[in-house]
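1. Predicted structure and sequence below. I'll ask about it afterward.
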Amino acid sequence: MSFDELRAQYDKAAHAFPLAAEVEVTNVGMRGVPGEWLRSPGSQSAILLYLHGGGYVIGSPRSHRHLAAAIAQAAGGTALLPDYRRAPEHRFPAAVNDAVAAYRWLIDDHGAHPGSVVIAGDSAGGGLMLATLLALRDAGVPLPAAAVGISPWTDLTCSRPSHTTKAAADPIVEASLLRRMAAAYLGPADPRTPLASPLHGDLRGLPPLLIQVGTDEVLLDDATTLVARARAAGVDATLEVWDRMVHVWHWFLPMLDEAQAAVERIGDFVRQRTGEAVPAR
């Protein structure tokens, strides 16, 4: 299918996986980046800045609000979903620039304390989470309390061994589609550029990471190698490899017990890392 057809198909998740009735959705602008706030009654100070997946080409807050809301509820906080620019209309580094702008708006304009924020993302959004951290660190911006990557795509060279060894086991991700999406996003950029492929970057100084990935994923090695390199750089990185799980199994949480369990685990991690945070000003 064309990217437009894939986008329309993906956004149908908003109908297949409706939000809980108590979740309030509010449109918000973040230094020119549109997005959504997801709030539930009794939410505390923790804020989940959630970067959706979709290979930098498809996906939106509409396709991922059910997942972001579930994680935010598990953490007892709220979720902010930037509608960052997508390729091929907007190539690298547009997505990184938008994610950085959303975080800086949250901290500088909205007045959230960095210690109350966790950046999370799935698939390409997981790679974008890491790229955002690298860009913020290099700019001297205070980093969030922690970050979460769900089946993160961290290497746009698409050369990790699991792209081949897990091809028959992964019913979600095809290596050929990854290469097509990488080309659409990168354009003339080097695929080893750290803000496109964080696996090839200097990971020193990043906040605590929780990385979840399934054993049956083409992107398994993107996650495991990332954690190994993060630990070597002195980062507090936790790796959870879930048996027989497929790419971003969390997305299917209305119908999959393991999805709910993984979401609850992320919620616990966010609570632990933001428990002593200063409330939003």
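-> Good, I have the coordinates.
2. On the pLDDT front, check His15 for me.
-> pLDDT, the model's per-residue confidence, is 82 for His15.
3. where along this protein do the strands fall?
-> Taking DSSP state E, the strands of the chain run over residues 24-30, 33-39, 47-51, 78-82, 117-122, 146-150, 209-214, 237-242.
4. Tabulate those strands (JSON lines), appending distance to Ala16, mean neighbour count and mean pLDDT.
-> Every residue, glycine included, has its C-beta placed from N, CA and C. Formatted as JSON lines, the entries for those read as follows, by distance: least, Cβ to Cβ, whole Å; neighbours: other Cβ atoms under 10 Å; pLDDT from 0 to 100:
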{"stretch": "strand 24-30", "distance to Ala16": "17", "mean neighbour count": "14", "mean pLDDT": "97"}
{"stretch": "strand 33-39", "distance to Ala16": "17", "mean neighbour count": "19", "mean pLDDT": "97"}
{"stretch": "strand 47-51", "distance to Ala16": "19", "mean neighbour count": "28", "mean pLDDT": "98"}
{"stretch": "strand 78-82", "distance to Ala16": "18", "mean neighbour count": "28", "mean pLDDT": "98"}
{"stretch": "strand 117-122", "distance to Ala16": "17", "mean neighbour count": "29", "mean pLDDT": "98"}
{"stretch": "strand 146-150", "distance to Ala16": "19", "mean neighbour count": "27", "mean pLDDT": "98"}
{"stretch": "strand 209-214", "distance to Ala16": "21", "mean neighbour count": "26", "mean pLDDT": "98"}
{"stretch": "strand 237-242", "distance to Ala16": "22", "mean neighbour count": "18", "mean pLDDT": "98"}
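5. Looking at those, which is nearest to Met1?
-> Proximity to Met1 (Cβ to Cβ) singles out strand 117-122 among the strands of the chain, at 20.6 Å.
6. coming back round to it: for Asp268, which of the strands of the chain is the nearest?
-> Checking those against Asp268 by Cβ to Cβ gives strand 209-214 as the closest, at 9.5 Å.
7. what does that closest one contact?
-> Under the contact criterion Cβ atoms under 8 Å, 6 or more residues apart in numbering, strand 209-214 has outside partners 126, 146-152, 219-220, 222-224, 226-227, 230, 235-247, 249-250, 262, 265-266, 269.
8. now do 6 Å
-> Where contact means Cβ atoms under 6 Å, 6 or more residues apart in numbering, the residues beyond strand 209-214 that reach it are 147-151, 220, 223, 227, 237-242, 245-246, 249, 262, 269.
9. Run me through the strand neighbours of that strand, direction for each.
-> Applying DSSP bridges to the sheet, strand 209-214 is found paired with strand 146-150 (parallel), strand 237-242 (parallel).
10. Tell me which of those approaches Asp138 most closely.
-> Shortest separation from Asp138 across those is recorded for strand 146-150, at 15.6 Å, computed as Cβ to Cβ.
11. any idea how far the closest one is from the chain center?
-> What separates the centre of strand 146-150 from the centre of its chain is 7 Å, taken as Cα atoms, centre = their mean, to the nearest Å.
12. Strand 117-122 and that strand, what's the angle between them?
-> 10 degrees (axes from the mean of the first three to the mean of the last three Cα atoms, to 10 degrees).
13. Other residues contacting strand 146-150?
-> Contacts to strand 146-150, defined as Cβ under 6 Å, 6+ apart, come from residues 118-120, 122, 126, 129, 207-212, 248, 250, 266, 273.
14. Tell me the one of those nearest Gly53?
-> Sorting the contacts of strand 146-150 by how near they are to Gly53, with Cβ to Cβ, puts Asp122 at the top with 4.1 Å.
15. Give the bridge partners for that closest one, please.
-> With DSSP bridges as the criterion, Asp122 is bridged to Ile150.
16. hang on, isn't it packed against Gly53?
-> Yes: A contact is recorded between Asp122 and Gly53 when judged using Cβ atoms under 6 Å, the distance being 4.1 Å.
17. Spit out the residues that contact the two alike.
-> With Cβ under 6 Å, 6+ apart as the test, Asp122 and Gly53 reach no residue in common.
18. now the chain, which segments are flagged as low pLDDT?
-> 276-281 (pLDDT under 70).
19. residue nearest the centroid of it?
-> Gly121 (0.9 Å; Cα atoms, centre = their mean).
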